[in-house]
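Asker: Sequence isn't available, so here's the structure alone:
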């Protein structure tokens, strides 16, 4: 027999009081802005990785207006290392929208919250429940895993029908009172006990009602995305150096590495190029095999290109202050023996 919503909520709230995380940076003096930034950073990224980035981001962009008025290049610099850069671009756009349309304040209802750039249903629910004490459900990766196991939900949650069922469960079981604490407990349970592999079921407050545990199927749930062989693409990028400068290309604002500085892509066959290294970088939908090559630099052409805002020469010592895609950042920092550090 399914566990009742009342009992489920009581178990989770007790778990939160005893074991829930209460000392995360965004939980201190919580506000809609602080919760929003943390929730966006935590998409696709683990808490321990996010914490130093979040702290540095907050030092530079402490409020909506500061973020909205910042140059997108600086926002991207503070984001590099977290990946999925569309999240940073949406943060910037959303901050500007909040200033332009909501006098810098977050709306307090789900419809308006979801209309903002980059804010989906779960992020909206987290902001409303954690920062505004509204009774709204969430469905992040941890919550999906808990619900999939407790209620033995079949299918990959990336499928619309499965996601719909999980959302319905989240709505049905999120209590009207203390929904913020409940939602935090669900995320904490998924992160600490109901882990992807080797879940600690004996310590879980839901063990007696978890169908996956009772049927010894925790390794089967949540059911995974059907395997698909990722296609492989190949390309070459050119490293051109002129004394203490390196040539970089600013990519278009959308698409792969949108708005970041990268090495220029080799457009065709170059007369004299030398292979420096090869490596692979994996995106969500494909593997990219990258070759880094170098060739002779025309100093006259180099001097003429400095004023071009798309293709430009940068001093090597300035590379740490530029927003670079992770594979190029790793290569350039190693190649030029630069020290990696978070921006301040």
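Answerer: Sure thing, it's come through. All values derive from a computational prediction rather than experimental measurement.

Asker: Make sure residue 212 is indeed in a strand.
Answerer: No. Using DSSP: H, G, I helix; E, B strand; the rest coil, the secondary structure at residue 212 is helix, not a strand.

Asker: Could you give the separation of stretch 140-155 from the chain centroid?
Answerer: Chain-centre distance of stretch 140-155: 21 Å, with Cα atoms, centre = their mean, to the nearest Å.

Asker: model confidence over it, on average?
Answerer: On average, the pLDDT along stretch 140-155 is 97.

Asker: List the buried residues in that stretch.
Answerer: Under the neighbour-count criterion of 16 or more other Cβ atoms under 10 Å, stretch 140-155 has 140-153 buried. Backbone N, C-alpha and C define where each C-beta goes, glycine included.

Asker: Could you find which two of those residues are furthest from each other?
Answerer: Put simply, by Cβ to Cβ the two of those set farthest apart are 140 and 152, 19.9 Å from each other.

Asker: Tell me how far residue 108 lies from residue 133.
Answerer: 10 Å (Cβ to Cβ, to the nearest Å).

Asker: cool, and residue 53?
Answerer: In terms of Cβ to Cβ, residue 53 sits 27 Å off from residue 133.

Asker: higher neighbour count, the two?
Answerer: It is residue 53, of residue 53 and residue 133, that has more neighbours when counted by other Cβ atoms under 10 Å, with 19 against 13.

Asker: Test my guess that that one contacts residue 80.
Answerer: No. Using Cβ atoms under 8 Å, residue 53 makes no contact with residue 80, being 9.2 Å away.

Asker: so where's the stretch 1-150 of the chain uncertain?
Answerer: Applying pLDDT under 70 to the stretch 1-150 of the chain flags the ranges 1.

Asker: and if we set it to 90?
Answerer: 1-2, 29, 44, 80-81, 83-84 (pLDDT under 90).

Asker: For it, which segments are assigned as helices?
Answerer: Assigned by DSSP state H, counting those that start in this stretch, the helices in the stretch 1-150 of the chain fall at 5-19, 32-42, 47-60, 64-69, 72-79, 86-102, 110-114, 121-132, 141-150.

Asker: ok, now the stretch 201-344 of the chain?
Answerer: For the stretch 201-344 of the chain, the helices defined by DSSP H, counting those that start in this stretch occupy 211-214, 299-304, 326-335.

Asker: Adding mean neighbour count, write those helices out as CSV.
Answerer: Below are the helices of the stretch 201-344 of the chain laid out as CSV (neighbours: other Cβ atoms under 10 Å):
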stretch, mean neighbour count
helix 211-214, 19
helix 299-304, 11
helix 326-335, 18
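
Asker: Of all these, which one is nearest residue 64?
Answerer: Nearest to residue 64 among the helices of the stretch 201-344 of the chain is helix 326-335 (27.7 Å), distances taken as Cβ to Cβ.

Asker: which residues touch the closest one?
Answerer: 80-81, 83, 237, 239, 246, 261-263, 276-277, 279, 281, 290, 292, 319-320, 324, 338-340 (Cβ atoms under 8 Å, 6 or more residues apart in numbering).

Asker: Can you lay out the helices of the stretch 201-344 of the chain as a markdown table showing mean pLDDT and distance to residue 90?
Answerer: A markdown table is the format used below for these (pLDDT from 0 to 100; distance: least, Cβ to Cβ, whole Å):
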| stretch | mean pLDDT | distance to residue 90 |
| --- | --- | --- |
| helix 211-214 | 97 | 34 |
| helix 299-304 | 41 | 36 |
| helix 326-335 | 92 | 19 |
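
Asker: Make TSV from these and add distance to residue 21 to it.
Answerer: Converted to TSV, the helices of the stretch 201-344 of the chain look like this (distance: least, Cβ to Cβ, whole Å):
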stretch	distance to residue 21
helix 211-214	23
helix 299-304	52
helix 326-335	28
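
Asker: Show me the domain layout of the protein.
Answerer: 5-214, 232-335 (automatic domain parsing).

Asker: burial of the closest residue to residue 44 other than its chain neighbours, as a residue count?
Answerer: With Cβ to Cβ, 6 or more residues apart in numbering as the criterion, residue 44 has its nearest non-adjacent residue at 5.5 Å, and that residue is residue 84. Neighbours of residue 84 under the rule other Cβ under 10 Å: 13.

Asker: all numbers from here: first residue = 631
Answerer: Yep, numbering from 631; the last one is residue 714 now.
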